[in-house]
Structures are given as structure tokens and as C-alpha cells.
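In: With the input below, show me the fold.
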Amino acid sequence: MKPAAPAEAAAAPARERAAEDVLLGRWLCPVVWRPSPRARRISLRIDPVRGVVVVTLPPRVPRRLGVALLQTNAAWASQRLGALAPALVLEDGAVVRLGDVPHAIRHEPDVLGESFLAEGEVVITGARRQLPRRALALLRAEAGRRIGTRAS
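Out: Next up, the predicted model:
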């Protein structure tokens, strides 16, 4: 969470799924408003992947009631958001852990072929714009391989 600006964030359209900042005390809290025809009550949850509070609203319930519930639970939301691990940015030079071993991501744009693991490195080939996607694919495949060997 970040310190709040003096002005409060403007309300967004009811069907918006992108996060918006809502003022909770002194902090701006990223919130996603999720209308749900199946919901029977307003609920709050933390989305750890996106690092946002998700407020689910039943049909015909105004957003102001969701804001009121969020204000009531501001300490809970800010504590949970603050406890989330910082997002890992997959870029050249970033360090990721595979098991207990740190591996540096190294981009090799001129190398043809598949990305691969080397001694203490995750080598990503291809264009720079594809680096995050290719690194994630390689890390997921490696996690699947490691889990598969332990499960059998």
C-alpha cells in the first residue's frame, strides 16, 4: 500500500474489473469491485497474486455499502496486503530460487532455441519482450518436473 494523496479516488463503472485505489485511513488500498449475481452478502478477500482487496457485491447492493465494509475492516485489509511477499519481476539480472539455490536470470537474445537452466542461471533466449513469458514458462515446467519426481 502507498500513502494516500489528498484527493479520494473517483468511483469507477459498476462492472469494472481493474483495481482502483480507495482511501482507507491514510492509505490508498487497491480494490477490485466484483459484482456477482450468486452472492448473498458483501464479502472481502485478498487476491495475493494481484495484491488487491476483492469486494464481492450481490445484485442491487450499492458500492457505498462495500466501501463501508471495507472502511470497517481497513486494519485487516492493510495488514493482509502488507504481509504479502513483494512481486517478483522476471527480467534480466533478477534472482529466483529453485529449491534452495538462487539462480540469476540471464537474457541471451542472440541464442536460438529453447530457454534452459545452467549452473546457477536461468538462461532465456529470444526477444526481450518475450523474456517474462518465457522465464515463467521455464520456471513452471521446472517446478512440474521437480514435483513429479517427488510425487512418484
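In: centroid residue for the protein?
Out: Taking C-alpha atoms, centre = their mean as the criterion, Arg50 is the residue nearest the geometric centre of the chain, at 2.4 Å.
In: How about that residue, nearest residue that isn't a chain neighbour?
Out: Setting aside the residues directly before and after it, Arg50 is nearest to Ala19 in space (C-beta to C-beta, 6 or more residues apart in numbering), at 6.8 Å. The way it works is simple: take the backbone N, C-alpha and C, and place the C-beta from them, glycine included.
In: Report pLDDT for the closest residue to Gly99 other than its chain neighbours.
Out: Once flanking residues are discounted, Gly99 sits nearest to Arg146: 7.3 Å by C-beta to C-beta, 6+ apart. At Arg146, the pLDDT value in this model is 88.
In: And Glu16, by the same measure?
Out: Confidence score, pLDDT, at Glu16: 48.
In: what's the answer for Cys29, then?
Out: pLDDT, Cys29: 85.
In: Then Arg134?
Out: So Arg134 comes in at 93 (pLDDT).
In: which ones are touching it?
Out: Applying C-beta atoms under 8 Å, 6 or more residues apart in numbering to Arg134 gives the contacts 115, 124-126.
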